[in-house]
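In: Model the following, please.
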Amino acid sequence: AATTYFVVFESLRGYYTSFFAPKYPGCESGGYPHKSLFGWLWGVWSVSEDALMKRIGMDAAVYLRFLGLGVQTMAILTVLGLVLLAPIYSRGQKQATDLTALTLSNLKQQEDKLWAPAILMWFFSFIIWYLVYKNYNEVTALRKKAMNYGDSSQYTILITKIPLQYDTEARIREWLEPKYPGTIFHIQPVRDLSALSAATRDLQKEQLRLDRASAKAKENGEAKTRTGCSGCCGEEVEAVAYHSQRADEKRKEVSNLLEESSGKLFRGAAFVTFSTVAEAVKAANTPLTVDETWESQKATQAEDVIWNNVCNVPDAKTKRTLDLIASATFFCLIVFWAIPVALGGALSNLEELGREYPWLKGISDWPKGLIAIIEGFGPTLWRVILMLLLKPILRRILLQTRIIEGSTLELDLMSTFYLFLLVNIYFVTLLSSSVFTTITQIIDHPLRVFELLGSEVPKVSFIMIQYMVLQGFTVQTYALVRLDGLLVAIFFKHAVAGVDYERRRAMKPWPFQYGVGMAFACLMWTICMCYMAVAPLILPFGLIYFSMDYMVAKYTLLYVSSPKFETYGKAWPKLMRFALNGLILAQVALMAIVGLKYGYWQQLMLFPLPVLTYLFSQHLYTSQGELMENSQLPLVNALELDKSRDPQAVKQLLQETADLNVWEQPCMRIDPNDPLKEPAKPPVLSDSKEGHDAWNSIEVGSPPVFADQKTHLLADHKGEKDALT
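Out: The predicted structure follows:
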């Protein structure tokens, strides 16, 4: 499947450039990157992290950094596991003749070779500790560099739970001014603009119908429509005149709602912009009142705001209740989802189940080829389908907790989805594929329970390898070609779309799945950790998975889509906690498996490892991670940043931000006279006392910006294609 997808991608990317490389300059006129055959593989691989951060921001770079850590780790462990550990297992006293000879299950109870995985686990742990520590320090340094530049969100805080009598900018300023005299630049109260948003959407739809009718009339000389539902019924009229009248009516409705909403419909929240970063930092971290009103926090980027939830910020008690309901729902979902996952895991032993259980004896009459296909691919395919169905459910539940930042939603989705994957893919599969298949033997021979489980648990690694192969070679590579999206886009572009706006929308890429992608990467890391000393054959497949995911994700981030937010690496501490927790789980799992084989001295040797890994994880978090999770600059750094910036450039940035209504809902940025026009992007700081810098001239997290098209094409023929002049 992966080969097919790569060939399809290579064959089509030069024809549908707006779909496969919409962020590449000149894609609409047929330009696309790395034109040589499979040249994109080396071209994408050679882009440095510095150039990457300038192009797509630090959050995207952190995503790729974790995948790169997976590549580094799996490459080293693959060599050690296959060279040192696999030969020892192959000489085990059980003398297995299949691939289980390369796993711990080939060793008998109390065999001396049980010392090998125990010693290698110490060695593996030291390597992982070093790589995590090295990457942690490098990401911390990158974060310090990235946070020196940014947009108006560094100067802005969000205040919630404002009493409703402070419903205008003047009243809020009057209350705040004594606390921050002369430093408040702009205040934007948050209003309930749901009616205006709906009217703006109706205006956009009507304008689109008018543009379609105009294009049709220009082509055919006239255009007719009906006044009924969706133009399917009612009186037949001249389309251009009818939709023009309707658009004028909607435009007038929007104008009236704009006048009515001015100074009204206040929702108890406001974005307050200060003239310096230091004042914004102090205001975000200082209680404004002694009661539960006027709560302040750092503002996220305007594109990251979930406006419906900002307009409905709950009080502390309601928030706790919503979180409790969400947690209970997640727990019920985990339990419910485990049932079909466990049933799917049992498919891997379909023929054996048919022999053990009389009510399944009809399975023995099925064709052997069909049974082999079901046992080989059925469980893995079933798990992939179940996990894909789960994503929109989890996102909907999290939204009900009134999260106000899209970045927080993605990080919470990552944590929740990872937990689901860990329970339902790893633990449930482990039970259903080991305990369920040996339950009758355990009942018949209860004294052999440890021997049976000690032999069966390592064999589950082959099911995990199947899942990893299907996920990496099918699901991840499919994200590169997106064949269903391409077919739909082509159909809408050529058969449905009548104007340029619709054609551009048809080719618009999918949003980048930041949280879901990281959850899958963390799961694969955990699986590889748990089996690296038990079944080292899994490690090369882990290397292939992380390499494939790295290349596909890097191309997607560079040329297709990017995260809609920039938190300066806020996800990194959580990713490292998951990575080290996966290592702890692996160390405990090896202790359990060695214990099933009565390797008590080996257990004693392994006992300090999970404790040391936990202490190492806590040290990294308290020394670096805790500060990184707070995307607000420390006050000392904020003061230094204010000194380094040109006050006039800062003032211009903040004024342009206020003029564009960046801190109001998106409907306020739509021009009623041209409702289909894309709103202007929020400005970024483009100058400083240090001189014009490439960091300053590029919007962090925005589509890539090239110095000029010629420079980009010349770089195509050099090692690092995406170098910026």
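In: shouldn't residue 167 be in contact with residue 187?
Out: No. Counting by Cβ atoms under 8 Å, residue 167 does not reach residue 187; the two are 11.8 Å apart. Yep, even glycine has a C-beta here, placed from its N, CA and C like the rest.
In: Name the residues of stretch 94-104 that come out as buried.
Out: Across stretch 94-104, burial judged by 16 or more other Cβ atoms under 10 Å covers 100, 101, 102, 103, 104.
In: Return the subset of the residues you listed lying in strands.
Out: Among the buried residues of stretch 94-104, no residue falls in strands (DSSP state E).
In: biggest separation within these, which pair?
Out: Greatest spacing in these, by Cβ to Cβ: 101 and 104 (10.8 Å).
In: which other residues reach stretch 405-414?
Out: Stretch 405-414 is contacted by residues 59, 300, 303-306, 391, 394-395, 398-399, 403, 514-516, 518-519, 522, 563-565, 567, 570-571, 574 when judged by Cβ atoms under 8 Å, 6 or more residues apart in numbering.
In: ditto for stretch 270-287
Out: Contact with stretch 270-287 is made by 152, 154-159, 162, 169, 172, 176, 179-180, 183-190, 296-299, 632-635, 638-639, 641-642, 650-651, 654, 657-658, 663, as judged by Cβ under 8 Å, 6+ apart.
In: What of stretch 620-640?
Out: 132-133, 136-137, 139-140, 143-144, 147, 154, 276-278, 280-282, 284-285, 298, 567-570, 572-574, 576-577, 580, 641.
In: Quick check: end-to-end length of it?
Out: Distance across stretch 620-640, first residue to last, is 26 Å (Cα to Cα, to the nearest Å).
In: Next, the buried residues of that stretch.
Out: Across stretch 620-640, burial judged by 16+ other Cβ under 10 Å covers 620, 621, 624, 625, 627, 628, 629, 631, 632, 633, 637, 638.
In: cool, stretch 118-137 as well?
Out: Burial within stretch 118-137, assessed by neighbour count using 16+ other Cβ under 10 Å, is assigned to 118, 120, 121, 122, 124, 125, 128, 129, 131, 132, 135, 136.
In: Pull the contacting residues for residue 242.
Out: Contact analysis of residue 242 by Cβ under 8 Å, 6+ apart lists 213, 225, 227.
In: which stretches of the stretch 151-300 of the chain have low pLDDT?
Out: Applying pLDDT under 70 to the stretch 151-300 of the chain flags the ranges 230-232, 262-263.
In: can you give me the strands in it?
Out: For the stretch 151-300 of the chain, the strands defined by DSSP state E, counting those that start in this stretch cover 156-160, 184-191, 224-226, 236-238, 266-274, 295-298.
In: Can you say which helix or strand has residue 8 in it?
Out: helix 2-12 (DSSP states H and E).
In: Among the contacts of stretch 405-414, name the ones in strands.
Out: Within the contacts of stretch 405-414, no residue falls in strands by DSSP E.
In: Return a ChimeraX selection command for the buried portion of those residues.
Out: For the buried members of the contacts of stretch 405-414, the matching ChimeraX selection, counting by 16+ other Cβ under 10 Å, is:
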select :59,300,303,304,305,306,391,394,395,398,403,514,515,516,518,519,522,563,564,565,567,570,571,574
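In: give me the number of residues near residue 14?
Out: By other Cβ atoms under 10 Å, the residues close to residue 14 number 13.
In: Can you tell me how far it is from residue 98?
Out: Distance, residue 14 to residue 98, using Cβ to Cβ, to the nearest Å: 46 Å.
In: got the contact list for residue 142?
Out: By Cβ under 8 Å, 6+ apart, the neighbours of residue 142 are 49, 53, 58, 61, 569.
In: let me redo that: residue 594
Out: When contacts are counted by Cβ under 8 Å, 6+ apart, residue 594 is found next to 114, 117, 118, 602, 603, 606.
In: residue ranges of the helices in the stretch 151-300 of the chain, please?
Out: 169-176, 194-220, 239-261, 277-285 (DSSP state H, counting those that start in this stretch).
In: Sorry, slip of the keys, the one I care about is the stretch 401-550 of the chain.
Out: Secondary structure of the stretch 401-550 of the chain, counting by DSSP H, counting those that start in this stretch: helices at 406-421, 428-430, 436-444, 449-456, 461-470, 477-481, 483-491, 500-506, 514-531, 538-555.
In: shaky segments in the stretch 501-650 of the chain?
Out: In the stretch 501-650 of the chain, residues with pLDDT under 70: 631-632.
In: mind running it again at 80?
Out: The model of the stretch 501-650 of the chain has pLDDT under 80 over residues 501-511, 562-564, 596, 630-634.
In: Shouldn't residue 661 be within a strand?
Out: No. Under the criterion used here (DSSP: H, G, I helix; E, B strand; the rest coil), residue 661 is coil, not part of a strand.
In: from memory it sits against residue 667, does it?
Out: No. Taking contacts as Cβ under 8 Å, residue 661 lies outside contact range of residue 667: 9.7 Å.
In: Now do the phi/psi pair for residue 511.
Out: Dihedral angles of residue 511 (phi, psi; degrees, to the nearest 10) stand at phi -60, psi 150.
In: Spatially nearest residue to it (excluding sequence neighbours)?
Out: Nearest non-adjacent residue to residue 511, counting by Cβ to Cβ, 6 or more residues apart in numbering: residue 561, 6.3 Å away.
In: likewise residue 390?
Out: residue 420 (6.2 Å).
In: repeat for residue 418
Out: residue 519 (4.1 Å).
In: can you tell me which residues contact the one you found?
Out: 413, 414, 415, 417, 418, 421.
In: How about stretch 66-86, which residues are buried there?
Out: Neighbour count says stretch 66-86 has 66-74, 76-78, 80-81, 85-86 buried, by 16+ other Cβ under 10 Å.
In: Could you work out the most separated pair of those residues?
Out: Farthest pair in the buried residues of stretch 66-86, by Cβ to Cβ: 66 and 86, 27.1 Å.
In: can you tell me which residues contact the nearest residue to residue 486 once chain neighbours are set aside?
Out: Leaving aside its chain neighbours, residue 486 sits nearest to residue 19 (5.8 Å; criterion: Cβ to Cβ, 6+ apart). The contact partners of residue 19, taken as Cβ under 8 Å, 6+ apart, are 482, 485, 486, 489, 507, 509.
In: State the helix or strand in which residue 19 lies.
Out: Using DSSP H and E, residue 19 sits in helix 17-20.
In: now do residue 127
Out: Assigned by DSSP H and E, residue 127 belongs to helix 115-146.
In: how near is the most centrally placed residue in the chain to residue 400?
Out: The centre of the chain sits closest to residue 514, judged by Cα atoms, centre = their mean, with a distance of 1.1 Å. To residue 400, residue 514 is 20 Å away according to Cβ to Cβ.
In: Next: residue 523.
Out: 25 Å.
In: Comparing those two, which residue is more hemmed in?
Out: More crowded of residue 523 and residue 400, by other Cβ under 10 Å: residue 523, with 24 against 12.
In: Since that was my last question, I'll sign off now.
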